[in-house]
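[1] Sequence plus predicted model, see below.
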Amino acid sequence: MARVISHRRVYSGRVLSLDVDEIEEPSGIQATREVVRHSGSVVILAVDEQDRLVLVRQYRYPVDDAIWEIPAGRQDPGESP
């Protein structure tokens, strides 16, 4: 298990937070890790009667395009998956 040397929250928003941690890995290597934290998410791997996967096409701002993806959603705090 990695040992946390230092931890700092650099952003806290409505949907997610961003932490920057300095760690020491079990091998002794020190590294900086940027970690996105959120309340969780859920996905469903839907397969039809002919063993085909079901995907949805949605516009995603970061890539400024519609992409194919597995149906998923955000898990609200305290909500069971």
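    Yep, that arrived.
[2] Does the residue nearest the centre of the chain lie in a helix or a strand, and which?
    Most central in the chain under CA atoms, centre = their mean is V36, positioned 6.7 Å from the mean C-alpha point. Mapping V36 onto the secondary structure by DSSP states H and E places it in strand 30-38.
[3] Listing partners with orientation, what would you give for that strand?
    Each strand that strand 30-38 pairs with, and the sense of that pairing, follows from DSSP bridges: strand 16-24 (antiparallel).
[4] For the strand it pairs with, which residues meet the burial criterion?
    The neighbour-count criterion (16 or more other CB atoms under 10 Å) identifies D19, I23 as the buried residues of strand 16-24. Heads up, the C-betas are built off the backbone N, CA and C, glycines and all.
[5] thinking again about what came up before, distance of the residue nearest to the centre of the chain from M1?
    20 Å (CB to CB, to the nearest Å).
[6] which residues touch stretch 58-65?
    For stretch 58-65, the surrounding residues in contact (CB atoms under 8 Å, 6 or more residues apart in numbering) are A66, I67, E69.
[7] Helices along the protein, start to end?
    In chain order, the chain shows no helices, with DSSP state H as the criterion.
[8] Burial check on I29, number of neighbours?
    9 (other CB atoms under 10 Å).
[9] so what's it scoring on pLDDT?
    You'll see I29 listed with a pLDDT of 96.
[10] do the same with the one 3 residues further on
    Turning to T32, the model gives it a pLDDT of 98.
[11] ok, now S41?
    S41 is assigned 89 on the pLDDT scale.
[12] Please apply the same query to P71.
    Note for P71: predicted pLDDT of 93.
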